[in-house]
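A.B. asks: fold the following and give me the result.
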Amino acid sequence: MTLRRGRWVYVRRVPEAVAAYDRRAPTIRQALGTDDRRLAMNLRDQHDRRNDRLWSALKSFLAGGGRLETGRAVEQIEMILGLDQLPQEGNLLLVNRMAALADQIYGIGNLPSVTQADALQDLKPIALGVEAGEVMVSELAEIWIGRIKAVDFASKSEAQRHRASIWPRRAVAIFLECCGDKPVEAVTAKDAQRVEDYWSDRLQERNPRTGSLYSADTANRCLETLGRMLKDFARHSGDREYKSPFQGRRFKAQPRRALPYSGDWIRDRILTGGDIKRMNRMHRAIFLACVESGCRLSEIVNLLPSHIRLDHEVPHIVITDYDQGDTRRELKTAASVREVPLVGVSLIAMQAFPEGFPALRDREDSVATSVGKFLKENNLLPPQQAASRASTGRPRPIHSLRHAFKDRLRKAGAGDEMVRYIGGWKREDQEYGEGFDLEAKAEVMRRAALQFDTSIMDGQAPRRGIKPKP
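C.D. replies: Down below sits the predicted model:
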């Protein structure tokens, strides 16, 4: 977005692959009609989703692809143009209407008219979902990721897209192991029962990597993922009454919660300096920034320089979605959008890295692994964190800081509503309003802050293989 005379304007370059067929090329400039930045961001996101769908459809149409591929393109063009129902008869009229509207609005008339009409005429049955059954289960995950949920995936970073695609692909692989490949429409309750039986047997075994029993949560996630993909595919193909054979299949899972840190342990074992100073300085700053902010590790790792405001009257960071060229990020929930004051050791940590952590952006998983390994090897985990994972799952040392922060806020007198606004936890009011000003939040956070060694960010960790002197 850019400002023009105090009002926000949506600006986006048209991809080269479709520039010849979009009359707005080379760059879209569209007034958003508001001076409110948050409202403009919401309108921008709507335009982005619309354009992503359009360009995806045009690319498929121009490629000529397989029947199914181009059929999805027709469905997307139909949705974008607002044609909610395709007529059952009058194919030629339908083709002419769609071609005329597409040409009028988006300028794809540069295609030869005969090619355009023939393609749309031939693909009408596919757009109606008649041939959906030709899709095999082995293709389901890629279709779900690349077509059905393409808009949702478009707003995620590369690492987020990778993580979001792991379970769809894994669930399909398990289905194929249990039932073999078959058309999506041929999946039955017997197939769902075979997958459920597979997990029933696995839940009595131990994971060779961790040594603990397989979790019912893992089995339920597989069943739910398969059910959701089948249902989404059916709805995408026009079947609004579809009932998944995986519906209602679930194993009883034990309650799980992150193992907590006590405030005394954080203050006396970590914030006194000593061992923590041997941690890589960048990792150390990220870890300590989480202590008094309650932020998720991913929120700290992926901060942009413009989101770190140390020269403000109340130093703070801004946790928000963003899309800046090749850099994009989607937050976990709408409630996660917030401004978080920096106090105590978290302020010291961010002052050491005022531009954030660009070298680690989108690499929160590797940071979490490295930090967790360091804490364990240096006996910085509380006894219950380092204990068996049989009933509580793997230790989550950084995420547990977030829950310890919540406990300290409550002890400092913060009400539940303020706690939720500060930490970005889900609340009944999911609007983007801040609810409390920065000073009010900072005041209660200062009361909850722990004492710390002011030199805790001094020095750099020794190089690998060099042990510190005793």
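
A.B. asks: hey, let's count contacts and neighbours off CA atoms from now on
C.D. replies: Noted.

A.B. asks: dihedrals phi and psi, Ala285?
C.D. replies: phi -60, psi -40 (degrees, to the nearest 10).

A.B. asks: go on, Ile308?
C.D. replies: Torsion angles, degrees, to the nearest 10, at Ile308: phi -110, psi 110.

A.B. asks: what's near enough to touch the spatially closest residue to it that is not a sequence neighbour?
C.D. replies: Of all residues not flanking Ile308 in the chain, Ile317 sits nearest, at 4.7 Å (Cα to Cα, 6 or more residues apart in numbering). By Cα atoms under 8 Å, 6 or more residues apart in numbering, Ile317 lies in contact with His307, Ile308, Arg309, Leu310, Glu339, Val340, Pro341, Leu342.

A.B. asks: cutoff 6 Å now
C.D. replies: His307, Ile308, Arg309, Glu339, Val340 (Cα atoms under 6 Å, 6 or more residues apart in numbering).

A.B. asks: just for the stretch 351-470 of the chain, where's the confidence low?
C.D. replies: 384-397, 427-435, 461-470 (pLDDT under 70).

A.B. asks: list the buried ones in stretch 266-284?
C.D. replies: Within stretch 266-284, the residues that count as buried by 16 or more other Cα atoms under 10 Å are 266-267, 269-273, 275-284.

A.B. asks: what's in contact with it?
C.D. replies: Here stretch 266-284 has contacts from Phe452, Asp453, Ile456, Gln460, Ala461, using Cα under 6 Å, 6+ apart.

A.B. asks: what is the burial count for Lys243?
C.D. replies: Using other Cα atoms under 10 Å, the number of residues around Lys243 comes to 12.

A.B. asks: quick one on the thing from earlier: which ones among the contacts of Ile317 lie within helices?
C.D. replies: Using DSSP state H, the subset of those located in helices is empty.

A.B. asks: buried subset of those residues, written for ChimeraX?
C.D. replies: Typed into ChimeraX, the line below selects the buried ones among the contacts of Ile317, using 16+ other Cα under 10 Å:
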select :307,308,309,339,340
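
A.B. asks: counting neighbours, which of the contacts of stretch 266-284 comes out on top?
C.D. replies: Ile456 (21 neighbours).

A.B. asks: that residue and Gly273, how far apart?
C.D. replies: 5 Å (Cα to Cα, to the nearest Å).

A.B. asks: and what of Leu203?
C.D. replies: 43 Å.

A.B. asks: now swap in Arg221 and tell me
C.D. replies: Relative to Gly273, and taking Cα to Cα, Arg221 is found at 41 Å.

A.B. asks: before we move on, the earlier item: ramachandran angles for the residue nearest to Ile308?
C.D. replies: Dihedral angles for Ile317 - degrees, to the nearest 10 - are phi -120, psi 150.

A.B. asks: list the beta-bridge partners for it.
C.D. replies: Ile308, Val340 (DSSP bridges).

A.B. asks: ok, now how distant is it from Ala349?
C.D. replies: Ile317 is 12 Å from Ala349, by Cα to Cα.

A.B. asks: which intervals of the protein have sub-threshold pLDDT?
C.D. replies: 21-23, 53, 57-134, 209-212, 254-260, 323-328, 332-334, 384-397, 427-435, 461-470.

A.B. asks: and the longest strand along it, what does it pack onto?
C.D. replies: For the chain, the strand with the greatest residue count under DSSP state E is strand 7-13. Applying 3 or more Cα pairs under 6 Å, 6 or more residues apart in numbering; DSSP states H and E, we find strand 7-13 packed against strand 27-31.

A.B. asks: the strand it packs on to strand 7-13, inter-axis angle?
C.D. replies: 160 degrees (axes from the mean of the first three to the mean of the last three Cα atoms, to 10 degrees).

A.B. asks: in strand 27-31, what's buried?
C.D. replies: Ala31.

A.B. asks: give me the contact list for it.
C.D. replies: By Cα under 6 Å, 6+ apart, strand 27-31 touches Val9, Tyr10, Val11, Arg12, Arg13, Val14.

A.B. asks: one more time with 10 Å, if that's ok
C.D. replies: 1-4, 7-15, 19, 22, 24, 40, 44, 47 (Cα atoms under 10 Å, 6 or more residues apart in numbering).
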